[in-house]
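Engineer: A structural model of the following input is requested.
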Amino acid sequence: MNDRTRPGREPWPPWRRNAQAADSTESAAIGRPPENRKQALVKLAWIGIWLLYLGAPVSDMTAGNHSAPVTVVAAVGLAGFVLGYLALVFLRTSAGSEQPHGWVYGLLGVLSALAVTLSASLGENWLVLFVYVAVACGAALPGRQSRWAVPAMTLALVAVGSSVAAGGSLYPGLVIPALLGGFAMVGVKQLVRTMQELRAARETVAQLAATEERLRLARDLHDLLGHSLSLITLKSELAKRMLPGRPEDAAAQVADIEKVSRQALVDVREAVSGYRRATLATEAAGARTALASAGIRARFHVPDRLPGLTPDGEGALAWALREAVTNAVRHSGAATCVVALTAADGEARLAVSDDGRGPSPGHVPGNGLTGLSERLLLAGGSLRTARSGDGGFTLTAAVPLDPAAGAAPVGAEPGHHGQE
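Structural biologist: Numbers count the residues shown, from 1 in each chain. All right, here's what the predicted structure looks like:
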């Protein structure tokens, strides 16, 4: 499944869809070697159609202008020339900037020798072979070499033609095609190289997109499961301590465990599908439940609405709240946790502070804080951690505010100012 059909994703832009469709067709073979027999035959047909201009040498042989042995030798030479030309153009037009092997230079030398020998021996009708050698130079050689080889073959055409042609009438019909044909193939080589670079760039973009998707999924799963499993563990411990003396309370904790487990399953499915966007209202409600279950007194200073808070910014802050509360429940040993959301200097800042034991000296942030920092960076925000004033731990997440976004609701219900 690609991004054009995956649920929860915007479709590719038109240029990307057109490029994808063009690459999927069998006719889009520019810059690629043939992948099957049909593509090879199509490419060979496009190359071979230009051999019709060899009608002059063929007519010279069939007109009886030469003896039988000379005609046979000429036919063998022409056949070898055609095979060498087809091999060079067929194999090298998809090579891009790849440096040619030694056989390429050898075969070009053989074609040049055949063109000189046949033209000088059999007359002006064979001068057209130089045009094909110029085209082969443009197709087989790298750009810098072909820019010299094509004019060189054109000069060889002029030199041989001056000795075998009665006048200069053939020069416009051969010199211009040799130059144009050779440099046209140089342009084709440049186009091939550009197409290959574009395909390589597109593959790189696809790999980067896949990597980003894996990172997103890893962050979501860590944040979702870390919070939910911590809450399940706490409630399981509570239920264990309540048995057998308080079975009704233990049953209530087990019911909560079932509810949290079901919600965690829903959240994981939504995260995998790419639909989930965390909200501060949802995370604030979950944070109160988690803190209460851990015996931590919660104080929330969160306004009902915060002007300029975008959905992406709210989602990043919601993940920050979840991660901070999860860490407080699992590691802090705190008695009180304070959550405050404020707006200042064009930023929305969420601060979560506890009075626990705080991080140990030399503490290295774990996967949760690392993923949270990446998530905030994607939203244009930042993350800071430090010891709180009473020795605990403070996490501060900030995202930019957008004045055009209006007032975004951030609380689960009205009146969260100072609520415990």
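Engineer: List of residues touching stretch 395-407?
Structural biologist: Residues outside stretch 395-407 that contact it (CB atoms under 8 Å, 6 or more residues apart in numbering): 305-310, 312-313, 316-317, 320, 323-324, 327, 343, 346-353, 372, 376, 379-386. No exception for glycine: its C-beta is placed from N, CA and C like everyone else's.
Engineer: What score does residue 355 have for pLDDT?
Structural biologist: Here, the pLDDT recorded for residue 355 equals 88.
Engineer: The one 4 residues further on now?
Structural biologist: If you check residue 359, the pLDDT there is 74.
Engineer: quick one, what contacts it?
Structural biologist: 385, 387, 393.
Engineer: Which ones among the residues you listed map onto strands?
Structural biologist: If you go by DSSP state E, these have 385, 387, 393 in strands.
Engineer: Let's verify residue 356: helix, strand, or coil?
Structural biologist: Three-state call for residue 356 (DSSP: H, G, I helix; E, B strand; the rest coil): coil.
Engineer: Test my guess that it contacts residue 338.
Structural biologist: No. With contacts defined as CB atoms under 8 Å, residue 356 does not count as touching residue 338, sitting 11.9 Å away.
Engineer: What is the neighbour count of the nearest residue to residue 71 once chain neighbours are set aside?
Structural biologist: Among residues not flanking residue 71 along the chain, residue 61 sits closest, at 5.2 Å (CB to CB, 6 or more residues apart in numbering). Residue 61 has 18 neighbours, counted by other CB atoms under 10 Å.
Engineer: what does residue 117 give?
Structural biologist: Neighbour number of residue 117 under other CB under 10 Å is 16.
Engineer: do residue 38 as well
Structural biologist: Residue 38 has 10 nearby residues by other CB under 10 Å.
Engineer: Give me the distance between the closest residue in space to residue 136 that isn't next to it in sequence and residue 46.
Structural biologist: Leaving aside its chain neighbours, residue 136 sits nearest to residue 88 (4.7 Å; criterion: CB to CB, 6+ apart). To residue 46, residue 88 is 15 Å away according to CB to CB, to the nearest Å.
Engineer: From the neighbour counts alone, determine which of the two ranks first.
Structural biologist: Each of residue 88 and residue 46 has its neighbours counted (other CB under 10 Å); residue 88 has more, 25 against 13.
Engineer: can you pull the contacts of the more buried one?
Structural biologist: 104, 107, 108, 111, 136, 139, 140.
Engineer: quick one, phi/psi of residue 294?
Structural biologist: Backbone torsions of residue 294, given as degrees, to the nearest 10, read phi -90, psi 0.
Engineer: so who does it touch?
Structural biologist: By CB under 8 Å, 6+ apart, the neighbours of residue 294 are 234, 328, 329.
Engineer: so can I have JSON lines of these showing distance to residue 197 and neighbour count?
Structural biologist: As requested, the contacts of residue 294 are exported to JSON lines (distance: CB to CB, whole Å; neighbours: other CB atoms under 10 Å):
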{"residue": "234", "distance to residue 197": "55", "neighbour count": "22"}
{"residue": "328", "distance to residue 197": "51", "neighbour count": "29"}
{"residue": "329", "distance to residue 197": "52", "neighbour count": "24"}
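Engineer: that's a helix at residue 202, yeah?
Structural biologist: Yes. Judged by three-state DSSP, residue 202 forms part of a helix.
Engineer: count of neighbours near it?
Structural biologist: Residues near residue 202, counting by other CB under 10 Å: 14.
Engineer: Please apply the same query to residue 266.
Structural biologist: 12.
Engineer: what's the average pLDDT for the helix or strand harbouring it?
Structural biologist: Counting by DSSP states H and E, the element that carries residue 266 is helix 247-273. On average, the pLDDT along helix 247-273 is 77.
Engineer: circling back to that earlier point, dump the residue contacts of the residue nearest to residue 71.
Structural biologist: 71, 74, 75, 78.
Engineer: could I get the residues you listed as JSON lines with secondary structure, neighbour count and pLDDT?
Structural biologist: Below are these laid out as JSON lines (DSSP: H, G, I helix; E, B strand; the rest coil; neighbours: other CB atoms under 10 Å; pLDDT from 0 to 100):
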{"residue": "71", "secondary structure": "helix", "neighbour count": "17", "pLDDT": "87"}
{"residue": "74", "secondary structure": "helix", "neighbour count": "21", "pLDDT": "88"}
{"residue": "75", "secondary structure": "helix", "neighbour count": "14", "pLDDT": "90"}
{"residue": "78", "secondary structure": "helix", "neighbour count": "20", "pLDDT": "88"}
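Engineer: In terms of secondary structure, what does the helix holding residue 266 contact?
Structural biologist: With contacts taken as 3 or more CB pairs under 8 Å, 6 or more residues apart in numbering; DSSP states H and E, helix 247-273 sits against helix 170-242.
Engineer: and the helix it packs on, what other elements does it pack with?
Structural biologist: helix 129-140, helix 143-164, helix 247-273, helix 280-293, helix 311-327, helix 367-378.
Engineer: just so I know, which of these lies nearest residue 187?
Structural biologist: Closest approach to residue 187 among these is made by helix 129-140 (8.3 Å; CB to CB).
Engineer: where does the stretch 251-400 of the chain have low pLDDT?
Structural biologist: 269-277, 362-363, 390 (pLDDT under 70).
Engineer: ok, residue 110 to residue 344 distance?
Structural biologist: Counting by CB to CB, the gap from residue 110 to residue 344 is 79 Å.
Engineer: The two: which has the busier surroundings?
Structural biologist: Between residue 110 and residue 344, counted using other CB under 10 Å, the more crowded position is residue 110 (13 against 9).
Engineer: So that one is in contact with residue 85, correct?
Structural biologist: No. Contact criterion CB under 8 Å: residue 110 and residue 85 do not qualify, at 10.4 Å.
Engineer: separation between the residue nearest to residue 136 and residue 324?
Structural biologist: Residue 88 is 67 Å from residue 324, by CB to CB.
Engineer: Residue 340 falls within a strand, correct?
Structural biologist: Yes. Residue 340 sits within a strand when classified using three-state DSSP.
Engineer: For it, list each beta-bridge partner.
Structural biologist: For residue 340, the beta-bridge partners under DSSP bridges are residue 301, residue 351.
Engineer: That one touches residue 303, doesn't it?
Structural biologist: No. Contact criterion CB under 8 Å: residue 340 and residue 303 do not qualify, at 9.8 Å.
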